[in-house]
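S.K.: Sequence and predicted structure are below.
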Amino acid sequence: MTKIEAPRGTHDVLPSDQPLWQQVTAEMERLCALYGYRRIQTPVFEDTELFARTSGAGSDIVQKEMYTFEDRSGRSLTLRPEGTAPICRAYVEHGMKQEPQPVKLYTLATMYRYATPQRGRYREHAQLSLECIGSADPAVDGEVIQYYDTLLRNLGVTRYELQLNSIGDRACRPRYVERLNAWLDANADVLDDDARQKRATNPLRVFDVKSERVREALEDAPKIGDSLCDACAEHFGQVRAHLDTYGVAYTVTPTLVRGLDYYTRTTFEFIGPDESAQASTICGGGRYDYLVEEIGGAPTPGIGFGAGIERLVLSLELEGIAAQQPKLAVFVAVEPGQNGLTVVQELRAAGIAADTDYAGRSLKGQLGYGQKHAEATLVLGAGGWTLRRGGELDVPIRDVDHLRELL
């Protein structure tokens with residue numbers, strides 16, 4: 001009989017993995033509450049047009065990575081490859097423009113991209129998407145970036161780098177694209193097939209190529225930072241000033257463009273301690289002032305990011321950070337002839353995490369199991385309850401309240 005395993009590119013988060021996983025997600029949610037972000041949950045699949053229109057028809061996501069299918073009515077649907085477009089779709093569909101702006105939202109959800117699986121890089125992966133919609137204030141850019149910097153610091157990650165750039169807007173980007181295209185024409189021999197394909201859909205995307213040889217050659221290409229209009233330059237200067245005020249260190253990276261068409265002005269990435277090229281980015285995002293308009297809403301500025309949870313957990317592991325495995329409060333060991341189920345239920349009803357033996361262990365085996373898996377062992381015998389911790393002598397227990405005092 002064929003052994004059935006998890007599909008390639010997926011993974012199980014086992015009970016032994018959960019403490020570190022939950023440590024990460026709990027801190028994400030705690031900080032979201034502190035910063036005023038509210039949770040939103042969007043469907044696992046969306047109309048394919050949502051991603052084709054916002055991500056760009058020539059993007060790697062649309063061309064190579066989307067899980068797209070037709071339902072029984074012939075509608076083209078796609079498993080969400082990223083969280084920003086669905087959240088913006090919900091913002092438009094549910095009239096959140098009428099709420100006080102900006103609207104600050106986040107989701108913790110699975111995303112789906114058909115890509116070569118690698119360490120920390122899965123076809124189904126979990127992600128925090130944090131979005132602030134409805135404000136063009138550069139202070140918002142600073143807050144969004146500072147949120148993730150704070151998250152890393154609070155979790156104990158020390159080896160990371162924030163890369164920052166501005167890619168302009170509709171006012172200044174066309175002139176820059178002309179300069180870039182002229183350089184690319186004059187240096188066509190340095191481009192590979194991947195770069196030529198990206199250029200055909202969006203010239204800025206040539207900076208997102210994977211070839212180190214091409215990336216090195218592009219260091220000599222015109223940089224968009226030299227072509228920013230006064231408004232974009234002023235915005236970027238204020239973003240940097242806010243980060244300086246927060247004490248957030250960053251590196252201005254003139255070739256950082258990100259891979260989606262909807263980005264404008266601020267773009268950023270956090271690079272983690274993993275030295276492998278594919279899994280080193282642990283968070284990426286930027287401003288998307290035209291995205292809401294692109295999906296049928298009124299012109300609305302916004303900024304946000306996507307941060308993979310698996311990659312962040314991997315970063316913690318690479319830093320030597322581990323979470324303590326949780327233990328039961330009480331394990332109920334039962335002498336022959338006694339029934340521990342009623343006691344277990346009484347403890348649980350009182351809010352005390354408890355379990356008992358279901359494997360037919362001897363009393364000695366039960367005591368050994370309890371010592372390993374619980375903070376304390378409650379021994380149920382003919383003479384009543386006794387409490388044992390480690391190698392200590394048994395302490396007689398009167399009732400649940402007495403037990404709670406001793407735990």
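M.R.: Structure's in. What do you need?

S.K.: Who are the contact partners of Leu128?
M.R.: For Leu128, the set of contacting residues under the criterion of CB atoms under 8 Å, 6 or more residues apart in numbering consists of 25, 28, 106-108, 306-307, 309. In short, each C-beta sits where N, CA and C put it, glycine included.

S.K.: how does it look with 10 Å?
M.R.: For Leu128, the contact set (CB atoms under 10 Å, 6 or more residues apart in numbering) comprises 24-25, 28-29, 31-32, 83, 106-109, 147-148, 151, 283, 305-309, 312.

S.K.: For PyMOL, write the select line for the buried members of these.
M.R.: The PyMOL command for the buried members of those (criterion: 16 or more other CB atoms under 10 Å) is given here:
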select buried, resi 24+25+28+31+32+83+106+107+108+109+147+148+151+283+305+306+307+308+309+312
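
S.K.: Inside strands: which ones of the contacts of Leu128?
M.R.: When the contacts of Leu128 are checked against strands (DSSP state E), the matches are 106-109, 283, 305-308.

S.K.: Next, find the distance separating Glu143 from Gly247.
M.R.: The spacing between Glu143 and Gly247, counted by CB to CB, to the nearest Å, is 14 Å.

S.K.: next one: Gly302
M.R.: 25 Å.

S.K.: Who has more neighbours out of those two?
M.R.: Neighbours per residue, other CB atoms under 10 Å: of Gly302 and Gly247, the larger number sits with Gly302, 28 against 8.

S.K.: mind checking how far the closest residue to the more buried one other than its chain neighbours is from Gln338?
M.R.: Among residues not flanking Gly302 along the chain, Ile133 sits closest, at 4.1 Å (CB to CB, 6 or more residues apart in numbering). Using CB to CB, one obtains 61 Å as the distance from Ile133 to Gln338.

S.K.: Same check on Leu314?
M.R.: Distance of Leu314 to Gln338, given as CB to CB: 47 Å.

S.K.: These two - which one has more neighbours?
M.R.: Using other CB under 10 Å, the more surrounded residue of Leu314 and Gln338 is Leu314, with 21 against 15.

S.K.: That one contacts His125, correct?
M.R.: No - counting by CB atoms under 10 Å, no contact exists between Leu314 and His125, whose distance comes to 11.3 Å.

S.K.: Which neighbours do these two have in common?
M.R.: Shared contacts of Leu314 and His125 (CB under 10 Å, 6+ apart): Gly308.

S.K.: just the helices in the stretch 301-407 of the chain please.
M.R.: Across the stretch 301-407 of the chain, reading from the start of the chain, the helices by DSSP state H, counting those that start in this stretch fall at 309-318, 341-349, 363-373, 400-406.

S.K.: a markdown table please, covering the ones you listed and showing mean pLDDT and distance to Pro43.
M.R.: What follows is the helices of the stretch 301-407 of the chain, written out as a markdown table (pLDDT from 0 to 100; distance: least, CB to CB, whole Å):
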| stretch | mean pLDDT | distance to Pro43 |
| --- | --- | --- |
| helix 309-318 | 93 | 20 |
| helix 341-349 | 92 | 36 |
| helix 363-373 | 92 | 39 |
| helix 400-406 | 82 | 44 |
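
S.K.: Pick the most buried one from those helices.
M.R.: Comparing the helices of the stretch 301-407 of the chain by mean neighbour count (mean count of other CB atoms under 10 Å), helix 309-318 comes out on top with a mean of 22.

S.K.: next one: that helix to chain centre, how far?
M.R.: Average the C-alpha atoms of helix 309-318, do the same for its chain, and the two points are 10 Å apart (CA atoms, centre = their mean, to the nearest Å).

S.K.: what do you get for stretch 25-45?
M.R.: Per CA atoms, centre = their mean, the displacement of stretch 25-45 from the mean C-alpha position of its chain is 10 Å.

S.K.: Same question for stretch 251-263.
M.R.: 19 Å.

S.K.: On the strand side of things, show who the residue nearest to Gly302 bridges to.
M.R.: When bridges are taken as DSSP bridges, the partners of Ile133 come out as Val103, Gly302.

S.K.: So it is in contact with Ile295, correct?
M.R.: No - in terms of CB under 10 Å, Ile133 does not count as a neighbour of Ile295; the distance is 12.0 Å.

S.K.: shared neighbours, these two?
M.R.: Applying CB under 10 Å, 6+ apart, one finds that Ile133 and Ile295 are jointly contacted by 88, 91-92.

S.K.: Brilliant, that's me finished.
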